[in-house]
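Visitor: Next one to model:
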Amino acid sequence: MICVKMHKGSDGRMVLAACDETVLGGSYSEGKLRLRVHESFYREEVVSDLTFVRMMEDADIMNLVGESTVSLAIGEGYVNEGNVITIGGVMHAQVVKG
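Guide: Down below sits the predicted model:
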C-alpha cells in the first residue's frame, strides 16, 4: 500500500507526498545524501494504486519514495527512470509539472 498526503503550497500548488508503507518512518543515507521519511509529511492516509494514480493527476509537485511508489509513477509516465535516485537502497523521485 502507498501512504499519501496532499499539501497545499503557499502559492496554491498541490504537493503530493507519497511513499511505500514499508519505508515510512525510516532514515536512509548514502554518501552526502540523507532522506528521512517522516510520517507527518508522508502519511495522511493509505491508498490503493488506483487512488494514488488519481492523486498524481491532481498534483503540481510530487515527492515520491519507495520502489512501488516510484515504479508506479514511472509506469504512468510521471517520472523518467533516469531521474530517479537511490539513497540507502531506497528509490526517490521529485516531480514538478510544467
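Visitor: Quick one: end-to-end length of stretch 73-88, please.
Guide: 20 Å (Cα to Cα, to the nearest Å).
Visitor: all numbers from here: first residue = 35
Guide: Done: numbering now begins at 35, and the last item shifts to stretch 107-122.
Visitor: And that stretch, what's buried?
Guide: Residues of stretch 107-122 classed as buried: 107, 108, 112, 113, 118, 121 (neighbour count, 16 or more other Cβ atoms under 10 Å). Backbone N, C-alpha and C define where each C-beta goes, glycine included.
Visitor: any idea how far the fifth one lies from residue 105?
Guide: So the one you mean is residue 118. 9 Å (Cβ to Cβ, to the nearest Å).
Visitor: ditto for residue 63
Guide: Separation of residue 63 from residue 105 (Cβ to Cβ) stands at 22 Å.
Visitor: Those two: who's more crowded?
Guide: Legend: neighbour count by other Cβ atoms under 10 Å for residue 63 and residue 105, higher for residue 105 (17 against 11).
Visitor: Find the helix or strand that the more buried one is a member of.
Guide: helix 101-109 (DSSP states H and E).
Visitor: Following element in sequence after that helix, please.
Guide: Sequence order places strand 119-121 as the next helix or strand after helix 101-109, per DSSP H and E.
Visitor: ok, residues contacting that following strand?
Guide: If you take Cβ atoms under 8 Å, 6 or more residues apart in numbering as the criterion, strand 119-121 is touched by 62, 63, 64, 67, 68, 69, 125, 126, 127.
Visitor: next SSE after that strand?
Guide: Strand 119-121 is succeeded, C-terminally, by strand 124-130 (DSSP H and E).
Visitor: quick one: strands adjacent to that following strand?
Guide: Strand 124-130 has the following sheet partners, assigned by DSSP bridges: strand 95-99 (antiparallel), strand 119-121 (antiparallel).
Visitor: As JSON lines, those with distance to residue 73 and mean pLDDT would be great.
Guide: Listed next are the strands paired with strand 124-130 as JSON lines, based on distance: least, Cβ to Cβ, whole Å; pLDDT from 0 to 100:
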{"stretch": "strand 95-99", "distance to residue 73": "12", "mean pLDDT": "98"}
{"stretch": "strand 119-121", "distance to residue 73": "18", "mean pLDDT": "98"}
